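> One predicted model, sequence on top.
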4 protein chains.
Amino acid sequence: MEGDNQLSLKHRLHKIIFEADTPSGKAFDIILILSIVVSVLVVMLDSVSSYRAAYGDWLYRIEWVFTILFTVEYILRILTVEKARGYIFSFYGIVDLLSFLPTYLSLLIPGSQFFLVIRVLRVLRIFRVLKFTQYILEIDQLREALASSRRKIIVFIYTVVTITVIVGSLMFVIEGAENGFTSIPRGIYWAIVTLTTVGYGDISPQTNLGQLVSAIIMIMGYGIIAIPTGIFTAELSRKRWSKQTTEVCPHCSKEGHDADAEYCKYCGGRLNPE
Amino acid sequence: MEGDNQLSLKHRLHKIIFEADTPSGKAFDIILILSIVVSVLVVMLDSVSSYRAAYGDWLYRIEWVFTILFTVEYILRILTVEKARGYIFSFYGIVDLLSFLPTYLSLLIPGSQFFLVIRVLRVLRIFRVLKFTQYILEIDQLREALASSRRKIIVFIYTVVTITVIVGSLMFVIEGAENGFTSIPRGIYWAIVTLTTVGYGDISPQTNLGQLVSAIIMIMGYGIIAIPTGIFTAELSRKRWSKQTTEVCPHCSKEGHDADAEYCKYCGGRLNPE
Amino acid sequence: MEGDNQLSLKHRLHKIIFEADTPSGKAFDIILILSIVVSVLVVMLDSVSSYRAAYGDWLYRIEWVFTILFTVEYILRILTVEKARGYIFSFYGIVDLLSFLPTYLSLLIPGSQFFLVIRVLRVLRIFRVLKFTQYILEIDQLREALASSRRKIIVFIYTVVTITVIVGSLMFVIEGAENGFTSIPRGIYWAIVTLTTVGYGDISPQTNLGQLVSAIIMIMGYGIIAIPTGIFTAELSRKRWSKQTTEVCPHCSKEGHDADAEYCKYCGGRLNPE
Amino acid sequence: MEGDNQLSLKHRLHKIIFEADTPSGKAFDIILILSIVVSVLVVMLDSVSSYRAAYGDWLYRIEWVFTILFTVEYILRILTVEKARGYIFSFYGIVDLLSFLPTYLSLLIPGSQFFLVIRVLRVLRIFRVLKFTQYILEIDQLREALASSRRKIIVFIYTVVTITVIVGSLMFVIEGAENGFTSIPRGIYWAIVTLTTVGYGDISPQTNLGQLVSAIIMIMGYGIIAIPTGIFTAELSRKRWSKQTTEVCPHCSKEGHDADAEYCKYCGGRLNPE
């Protein structure tokens, strides 16, 4: 009976902490998300020197309250989950741990408490509280499209890095240290700032030749942006398209038919008329 | 008779003020839009100190003339419309009210007259005067595509905010107050400026590690722009497509006909006239 | 005989000057384009004070040589073309006139010679010398896609202008003249610089509220770019698609059939099997 | 026997140096890529004055070791390849030569050793070591899409250059040398910085008219980016599509089959095995 009660308590806690489809589970998640948002704001305010001077003690105390709450929550999660190992090494498990660890660390290494903003990742749980399935579905679509274009994106990043390394070195030789291009790494930094059209202006070419090279790399960067966009858009369009093929062949049970298909393209059997 | 006349006057005024398909209604709308544009220019000029010094009195008087005109127009709209409540709380009703209220408010709170630029929203009415239906149709297409990609855009904005919060805090720790990163909120502001490729240069990383992190976030931001573009493009392409495929052939039950098709392209049977 | 000779001379000159499908016509066009490029470079060098000081006289003389050449060419074009009026008021006719007029004007109004760079538009003729039809075809495709998305682009520009007017005024009130937002027009200028992700940094928000508003408009601008890109891409994709429908119905001679159509969608007649 | 041995040695060396499908060939490529990365880092460190002051001698020696290694490798490549001419004048051959030549040149012209970063291009070989075929396939897809949109991109670049030349000259006349627009080329440089949304802020318009022109060119540049993106995306989408539709059904002669289709989706007949 005792053990049974224990089990049922563990089960009930699990339902509240991990799931969002019961009223208490939903309430827990909403309170959790609000706590996270408030605690992140506290960390931010603590970094502003004027607030720290005025309310430093209070912010410090609130910070510890949240840290202890999140620690307790973390321990409860481990205790109530079926496979503790699975949770601990999952993405959420690591984020949950990192979201209170820095406070303890800050006792040893001052300044590390600012890494508490990692908590903001916990807000990801919000998609469970909202219309869960629809969001997860769309996130998956985006993730799939990104995954499919993985190789093309690697090639693209390699291209960008190669261009910036070469142009950065070229500009180091052309402009030299007196115009802010003090080394090749700094030249590469400038090339990235320019190619991505960020353009801080902290380093900018002064010589005529340097400005000519800049102009070329700017137009290049302006055009190159078409590449990731094109890759991702084509992938996303294709994915959508293939979504229209929800039919299943009544003979071989295979999916993936076009909207205008009359016969199964795998086994040649007639598809059901729509 | 008196009441009938009254009614007919109300009806005629309604036609002139609210609709644009009669000559007087169109003339009214054109005069209204011109007045709006001129009055917005007056507000702008009033904000330029040199003009204010030279023509301040005149600008002030013109401003009051427009305000009284718009007030009269607003009252007429309420009086002539069928359901006054519906109009008052509609988008246009609120904009119409906000487009003259600040002048009265400026008597109490100086400076609030600059919010009169909200009038610029009234120019939206211009699409009624131009070839109305075509524009409204295309605006609806854009709005629909945006609405369909609503969830993906929320996920995208959440991702951007998360990245900027984490990177902003990281940079606050790396660069510190002496390089302009005086607090986490300021670090986040910098991260947004950088990720969106705006790059003012009012705050820019000075340390080597800071510049490395910047370079990574720049390339990330440069690539991430593919995501909203891809989402919106895929949605718009799909919308266009599906607009052409709503009909079903009454003979062979096939879909996929163009909007201008009269006969089924699969069996040659006549399609239902729309 | 004399008149005939005259006519034939006129005809031959027309072929050389206006067309590019004879060896002499092609040679004329190539020499013309080279002259244009050189003359534009001369105008540019003339604007650099160090070159002007050193070679001002020579640049001035070369400038006049080109001007006289282009004047003679313009007169020849008018004399040899069938319908002089049509040419004079065409796009090319106006550009040709504007490409030498400023030199004469500069005798009256110094500085106007710099408008000679309008000559660069004459280089458009280069597409005639290269594989003419292919380029013209693709330019037409781009132009058509732009024309079809005309209305959507107007709506987009209207939206951008409205946002910048409202945000610019808001920032003028928030930041004030002491932070560089000296007037509403300047605030709008800043808003455009920010929304388009240019980000000069000549004016940048200093207050916390101002930076918050900036952050919002930056993320907005970062996302809004998806709209023109989506519009144009969807239009271009659709255009390409409709290109696959090169078939002509043998019964009603109409075009525009899908690749998988078996029957004409206009008259129901059977299409030729491919 | 001797000659046979020689041949077999040459053959074996060729397999190791040029191919990556044997264990030793793969090992060679991995060591090579690591050496390239390390040697590029050495060149970069050598450009940083603080590192050069501290470890200049060591960096110089390491640099020479890599140079000699790459020289030996280059000679081996020429000796073992079937057609030496083909290799020497190939893209890789030229890059391989340029990746050690600057060290020798630096004995004559100091500073030229920084061009050694060209070595970074050699890392392209990495795609051979990774899952070769898949990457090459996707690189080819990107290259094909770029090649197909070649003409449209040329037209686009021509348009951008024309706009910047005209706007740059206009701004030179409007703003003048006192606001940083010292010459037309500098005005063009500014126009490119602005149109591509880089926006350094090293030159920025000060007059009202100049800021108005800037605002127009910014919105233009913000919209124009849609053009290359649209071109490339449409091309990439079409490419994907057409890749799935190369087969013709031998029974009903219909096209439009997916790459993985075994039976015709229109008549149910078996498709030819690839």
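It's in.
> Return the residues of the stretch 1-150 of chain A in contact with chain B.
Those residues of the stretch 1-150 of chain A that sit near chain B, judged by CB under 8 Å from any CB of the partner chain, are A:40, A:43-44, A:47-49, A:111, A:114-115, A:117-118, A:120-121, A:123-124, A:127, A:134-135, A:138-139, A:141-142, A:145. C-beta: built from backbone N, CA, C; applies to glycine.
> Buried ones only from those residues, please, as a PyMOL command.
The following PyMOL line selects those of the residues of the stretch 1-150 of chain A next to chain B that are buried, judged by 16 or more other CB atoms under 10 Å in any protein chain shown:
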select buried, chain A and resi 40+43+44+47+48+114+115+117+118+120+121+123+124+127+135+138+139+141+142+145
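> which residues sit in contact with A:V38?
With contact taken as CB atoms under 8 Å, 6 or more residues apart in numbering or on different chains, A:V38 is in contact with A:F66.
> just checking, next helix/strand downstream of the helix or strand containing it?
Taking DSSP states H and E as the criterion, A:V38 maps to helix A:23-47. Moving toward the C-terminus from helix A:23-47, the next helix or strand (DSSP H and E) is helix A:49-80.
> and that following helix with helix A:23-47, angle?
150 degrees (axes from the mean of the first three to the mean of the last three CA atoms, to 10 degrees).
> Next, the buried residues of helix A:49-80.
By neighbour count on 16+ other CB under 10 Å, the buried set for helix A:49-80 is A:51, A:55, A:59, A:62-63, A:66-67, A:70-71, A:73-74, A:77, A:80.
> Let's have the residues you listed in TSV, adding pLDDT and distance to chain D.
Supplementary listing: these in TSV, determined by pLDDT from 0 to 100; distance: CB to the nearest CB, whole Å:
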residue	pLDDT	distance to chain D
A:Y51	88	31
A:Y55	90	37
A:L59	90	36
A:I62	92	40
A:E63	89	39
A:F66	92	41
A:T67	92	41
A:F70	92	41
A:T71	93	42
A:E73	91	42
A:Y74	92	39
A:R77	89	39
A:T80	85	42
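> Distance to D:D202 added to those, as TSV?
Formatted as TSV, the entries for the buried residues of helix A:49-80 read as follows, by distance: CB to CB, whole Å:
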residue	distance to D:D202
A:Y51	36
A:Y55	41
A:L59	41
A:I62	45
A:E63	43
A:F66	46
A:T67	47
A:F70	47
A:T71	51
A:E73	52
A:Y74	51
A:R77	53
A:T80	60
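> between those, which is closest to chain B?
Minimum separation from chain B among these (CB to the nearest CB) is found for A:Y51, which lies at 8.5 Å.
> Not counting its neighbours along the chain, what's nearest that closest one?
When the adjacent residues along the chain are set aside, A:Y51 lies closest to A:L45, with 4.6 Å between them (CB to CB, 6 or more residues apart in numbering or on different chains).
> Next, the contact list for the one you found, please.
Applying CB under 8 Å, 6+ apart as the definition, the contact partners of A:L45 turn out to be A:51-52, A:55, A:59.
> Return the residues of the stretch 51-200 of chain A in contact with chain D.
Going by CB under 8 Å from any CB, the residues of the stretch 51-200 of chain A near chain D are A:151-152, A:154-155, A:158, A:161-162, A:165-166, A:169, A:172-173, A:177, A:182-185, A:188, A:194, A:197-200.
> Where do the domain boundaries of chain A fall?
Listed domain ranges for chain A are A:1-123, A:132-245 (source: automatic domain parsing).
> Would you mind listing what in chain A touches chain C?
By CB under 8 Å from any CB, the part of chain A that sits against chain C consists of A:197-201, A:229, A:233, A:260.
> give me the residue from chain A nearest chain C.
Counting by CB to the nearest CB, chain A gets nearest chain C through A:G201, at 5.9 Å.
> What is the burial count for A:A20?
Summarising burial for A:A20: neighbours were counted as other CB atoms under 10 Å in any protein chain shown, giving 20.
> Is it in a helix, a strand, or coil?
Secondary structure assignment for A:A20 (DSSP: H, G, I helix; E, B strand; the rest coil): coil.
> Hmm, it is touching A:D29, no?
Yes. Using CB atoms under 8 Å, A:A20 makes contact with A:D29 at a distance of 4.9 Å.
> Leaving out sequence neighbours, find the closest residue to A:V167.
Nearest one to A:V167, counting by CB to CB, 6+ apart, is A:A191 at 4.5 Å.
> Where does the one you found fall, secondary structure wise?
With DSSP H and E as the criterion, A:A191 is inside helix A:184-195.
> Where in chain A is the helix or strand with the lowest mean pLDDT?
Scoring the helices and strands of chain A by mean pLDDT, DSSP states H and E places helix A:126-129 at the bottom, with a mean of 66.
> Would you mind pulling up the elements that the helix or strand just after that one packs against?
The first helix or strand that comes after helix A:126-129 along the chain, using DSSP H and E, is helix A:132-148. The helices and strands touching helix A:132-148, judged by 3 or more CB pairs under 8 Å, 6 or more residues apart in numbering or on different chains; DSSP states H and E, are helix A:126-129, helix A:226-243, helix B:150-175, helix B:226-243.
> Turn the ones you listed into JSON lines, columns for distance to B:I217.
Output for those, formatted as JSON lines (distance: least, CB to CB, whole Å):
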{"stretch": "helix A:126-129", "distance to B:I217": "24"}
{"stretch": "helix A:226-243", "distance to B:I217": "15"}
{"stretch": "helix B:150-175", "distance to B:I217": "5"}
{"stretch": "helix B:226-243", "distance to B:I217": "15"}
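> Quick one, which of these gets closest to B:F91.
helix B:150-175 (18.6 Å; CB to CB).
> List the buried residues for that closest one?
Under the neighbour-count rule (16+ other CB under 10 Å), helix B:150-175 has B:151-153, B:155-156, B:158, B:160-175 buried.
> by how many degrees do it and helix A:226-243 diverge?
Between the axis of helix B:150-175 and that of helix A:226-243 there is an angle of 140 degrees, by the same axes, to 10 degrees.
> Now do helix B:150-175, average pLDDT.
Predicted confidence along helix B:150-175 averages 89 (mean pLDDT).
> show me the contacts for A:F18.
Applying CB under 8 Å, 6+ apart as the definition, the contact partners of A:F18 turn out to be A:25, A:77, A:80-81.
> which pair in the residues you listed spans the largest distance?
Among these, the pair separated by the greatest distance (CB to CB) is A:G25 and A:V81, at 14.3 Å.
> about what we covered before: next up, the contacts around the residue of chain A closest to chain C.
Contacts were defined as CB under 8 Å, 6+ apart; by that measure A:G201 touches B:199, B:201, C:200-201, D:199-202.
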